[in-house]
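Q: sequence first, then the predicted structure, then my questions.
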Amino acid sequence: MAHGYTPGLRVAARTTLRRPRRLPLAGRVLVGQGDRVRAEDVVARAELPGDVATVNVVNQLGIAPGDIEDYMLKRPGEPVRQGEVIGETRPFIKWFRSQAASPIDGTLESVSKITGQVMIRSAPRPVDLRAYVDGTVAEVFPDEGVMVETTGAFVQGILGIGGEVSGQVAVAARGPDVVLGPQDLDVTLAGRIVVAGALVTGEVYRRAAELGLAALVCGGFHDSDLRALLGYDLGVAITGHEDCRPILIMTEGFGRMTMARKTYDLLAAHAGQRASANGTTQIRAGVLRPEILIPAAGDAALGAVAAGEPGSELRVGSPVRLIREPGFGRLGRVGALPPGVHRVESEAQVRVVEVEFPGGERLTIPRANIEVIGD
Amino acid sequence: MDPNDLNVIVATDCGSTTTKAILIERRPEGYRQTYRGEAPTTVEAPFEDVTRGVLNAMAELEELSGRRILDGERILTPARGNEGVDVYISTSSAGGGLQMMVTGVVKGMSGESAQRAALGAGAIVMDVIASSDRRLPHEKIQRIRTLRPDIILLAGGTDGGTVQHVVELAEFLAAANPRPRLGSSFRLPVVYAGNVDARKHVQDLLAGKVELHITENLRPVLEEENLGPARDEIHELFLKHVMAQAPGYQKLMTWVGAPIMPTPAAVGNIIQRIARTQDLNIIGVDIGGATTDVFSDFRVPAEDEHARSLGGTTRSFHRTVSANLGMSYSVSNVLAETGVENILRWVPFDIDEGDLRDRVKNKMIRPTTIPCLLEDLKIEQAIAREALRLALVQHKQLAVGLKGVQRRRTVSESLDDGGAGESLIHMRDLDLLVGSGGVLSHAPRRAQAMMMLLDAFEPEGVTRLAVDSIFMMPHLGVLADLHEAAAVEVFERDCLINLGTCIAATNRGKDGAPCLQYRMTAGGRTRTGRVAVGGLVLEPLGVGETAEVVVEPAGGIDLGAGRGRTLEATVQGGVVGLVFDGRGRPLALPAKDRRATVVRWADALGAYPDGRTKG
């Protein structure tokens, strides 16, 4: 390939972002184009079809499937209550009567003359779709949802755990390389999106959960702690469904990782402001990254420009982050882009980049092992 | 199209991340793969048009080959001089490939047959819902509702057998009202390939809810599988519905000279054809970032009892996909499935478990990074051994004789396995093992690929090993449908890099005791040697060279010819050479001196630059 793959993570002081909010199935949109919304506002609502319960009536009554309709007390479309008899035999002696009852409240949906199975569907469940982020409704998708647009600061992480939250930004770590202890957290951080330095340990996470933090944003987290938190080994990087508070957003990777200075400074500069965060991650086709959005207050949003994708063009001077050993997590600038392929320590023949670090040190690294970060 | 008119062929494989294009040209010596270009796949936003990536990959081919292939966004056909190509063909696994759910009445019988039909058609099987599985009805319905597959294969019951159970499965489907993964405006395609007597009921239940297609029963009687019609229907639906929903494929379909095939189906196609034209027992493995596919085509005892009693054989092809065993996106899942201990046993240096865990997870979240340090390479190759080993275990579990069949077995069959429900894969019968995927094809030293394949697959007796040079098996799989001879020629000449041959004991002796002694004659020169139990010896035997070998096992050791019996064979060389493997089967690593043993084995093949033997 002509250039290395440098996915990059976006860290922008000011950008305009759109977030589609779609219902899982057709429903009703409750807001209109141009409306201002807050993160917690319900923008659309749908009714999810209820769960289905099955009753094998023929087995319970000891009858042939073809005869089932003769024994049913309820017909398709009729409502039924939990425990209500839906079918029964009518023997001469009442004492020998067999009955089949509904296991749930719902509506009788179907009666099968082949299998003798009766399906009962519970009442639909309402699903509320929230705006997720403070902003403006830029577009309405009839019956489906809306597009919310916002302008402000934006930080993408590398991996998150847990879904959407909102709250004020707070800084608990005094620097991007600081490792917090549980004593560094207190009740004033409850409900906040907390910047937590280079590493969140399992102990710190548990303390944060006790205090009711909304999110922890950190450079790294140990996999052994993640395993303890989830109760299983995370096999693939597809997350967001975890029911955990606080949600966790790693900006750099696993292990103790100094947070990129730019990320730390940007978050710290917005301490006290309302933000929305989402741990949902999908590192596969259709990649999704965890994120923190900090909408600009009021009219400050006006005049913002749409931010482009992170710089993926690799040039001499481009600021880069090393994303694998040697030097994992270090930040530097492209010193040179040697043409052709080079042999690295593992003997792999790859295209490389020379990275120059503050102080003049240089390392030759496979181009695949760096990512370009914005200036 | 007359195959004789095909002089210049361009083929692409649209993968999840990269679109790979190759040029195949007819030369005086026959068909050759001449140039290769690649570009990022463009199915996802912001492009959302697969043809962009195809055009970019072809543009790179043009640059490298000097042949003009494109006229703007049009492929020039036919080939004239240094312009144009005679045909364009393609495979695709972009957007996650073909994802299916299948059903059967008994999980181990019609459920397993349905699984084999879907896998053979190139699908990833997301779940098998069976009447006999232990989930409660509402759990099955919930599962069907949440899965969102591309196609559902509804099978179950033999013809004239149970109607009730297969109709029950259709009822679950109707209650779940499943939605397709791609496209919200069309109905989910469902292939019904179950009991013919239940067709009418299934139709009544599902009409209007899904796009129902009825085909022949894939298990008409217990003793027979009839997977062809279901597979064909799946292929058809893949093109008509699934592909048609993927961005840009409508256009791509008008460019190709043969139907677009799912990538794994194409790989299976070429492996089957090579196995059958050359009468070989083959295993092919493709270890990718997210999944590992295993293909096998073996001679097995004939189904017909009379033919079997006369030693008659037939061929049996199987494909499995281990959906969450891979080297980048799924690398952490390998760790989760096999356990840290199993990976650490292959690592020839001290490493803390926590450190290993963090490294593996970092590879998962930065899947495109490559090992720069030798230590990192060794860790990746240790993980690859486990991914390959687990994928083979899963393959063996599905490549089995039909379960539920009453068969009269000969005495020898009873002593051997291979009957109903037993794996049809016997490593001692394996002739050729082909590895594919970055960790094997791009290993800095070919000996590393050889070691990974030997350690993971544990071939027995005499086995040739090779790697797919640039992953062109998919392209050749589609080409095989147009011009089989051309596909086979390119496969042999340009696709395979022969690593060499391995001669391995099929059982174990006492560590350090004599295992075998050999005499090999190649190019008029004879060499002899001895191998101890637990030892590994590499003899040079280059690409294109053959050797006559006579191997005498120590008493009790079996090299595939029987315990203590001398083995005589003609073997082929390769870029690594001829390996005598005295480590025994199953391969066991000693608890004591484990690290030193792993280092000794790697050194025997000159696998790493820090070893005593330089490669």
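A: Yep, that arrived. Numbers count the residues shown, from 1 in each chain, chains lettered A, B, ... in the order given.
Q: let me see the contact set for residue B:318.
A: Taking Cβ atoms under 8 Å, 6 or more residues apart in numbering or on different chains, we find residue B:318 in contact with B:116, B:119-120, B:295-297, B:395, B:398-399, B:424-425. Bear in mind the C-beta positions are built from the backbone N, C-alpha and C, glycine included.
Q: which of those residues sit farthest apart?
A: In the contacts of residue B:318, two members sit farther apart than any others by Cβ to Cβ. They are B:120 and B:425, at 15.6 Å.
Q: re the thing from before, which of the contacts of residue B:318 has the most neighbours?
A: Taking other Cβ atoms under 10 Å in any protein chain shown to define a neighbour, the member of these with the most is residue B:295, carrying 29 neighbours.
Q: for chain A, what's its nearest residue on the stretch 1-150 of chain B.
A: residue B:137 (3.8 Å; Cβ to the nearest Cβ).
Q: just give the nearest non-adjacent residue to residue B:234, would you?
A: Spatial nearest neighbour of residue B:234, chain neighbours left out: residue B:121 (4.0 Å); criterion: Cβ to Cβ, 6 or more residues apart in numbering or on different chains.
Q: check contacts around the one you found.
A: For residue B:121, the contacting residues are B:98, B:230-231, B:234-235, B:238, B:262, B:265, taking Cβ under 8 Å, 6+ apart as the criterion.
Q: still on that earlier bit, from the contacts of residue B:318, which ones fall inside strands?
A: Secondary structure assignment by DSSP state E places B:295-297 of those in strands.
Q: between these, which is closest to chain A?
A: Checking the ones in strands among the contacts of residue B:318 against chain A with Cβ to the nearest Cβ, the nearest one is residue B:295 at 23.1 Å.
Q: can you check the pLDDT for the residue sitting furthest away from the middle of chain A?
A: In chain A, residue A:92 marks the outermost C-alpha relative to the chain mean, sitting 61.4 Å out by Cα atoms, centre = their mean. Residue A:92 carries a pLDDT score of 83 in this model.
Q: how close does the residue nearest to residue B:509 when sequence neighbours are not counted get to residue B:511?
A: Taking Cβ to Cβ, 6+ apart, and ignoring the residues beside it in sequence, residue B:509 has residue B:533 as its nearest neighbour in space, at 4.0 Å. With distances taken as Cβ to Cβ, to the nearest Å, residue B:533 is found 6 Å from residue B:511.
Q: neighbour count winner among these two?
A: When neighbours are counted by other Cβ under 10 Å, residue B:533 and residue B:511 differ, and residue B:533 comes out ahead with 19 against 15.
Q: enumerate every residue touching the more buried one.
A: With Cβ under 8 Å, 6+ apart as the criterion, the residues that contact residue B:533 are B:505, B:508-515, B:554, B:557, B:582-584.
Q: most neighbours of all those, which one?
A: Most crowded among these, counting by other Cβ under 10 Å, is residue B:515 at 29 neighbours.
Q: can you tell me the helix or strand for that residue?
A: Element membership for residue B:515 (DSSP states H and E) is strand B:514-522.
Q: now that strand: buried residues?
A: Residues B:514-516, B:518, B:520, B:522 are the ones in strand B:514-522 that count as buried (16 or more other Cβ atoms under 10 Å in any protein chain shown).
Q: same check on stretch B:601-615?
A: Using 16+ other Cβ under 10 Å as the burial criterion, the residues of stretch B:601-615 that qualify are B:601-608, B:611, B:615.
Q: nearest to residue B:24, of these?
A: Proximity of the buried residues of stretch B:601-615 to residue B:24 was ranked by Cβ to Cβ; the top entry is residue B:615 with 32.0 Å.
Q: which residues of the chain score low on pLDDT?
A: The chain I'm using is chain A. Within chain A, the stretches with pLDDT under 70 are A:1-8, A:285-286, A:298-313, A:374-375.
Q: please refer instead to chain B.
A: Judged by pLDDT under 70, the stretches of chain B that qualify are B:45, B:95-96, B:182-185, B:308, B:403-421, B:612-615.
Q: I'd assumed residue A:210 was in contact with residue A:190.
A: No - distance between residue A:190 and residue A:210: 9.8 Å, which falls outside the contact criterion (Cβ atoms under 8 Å).
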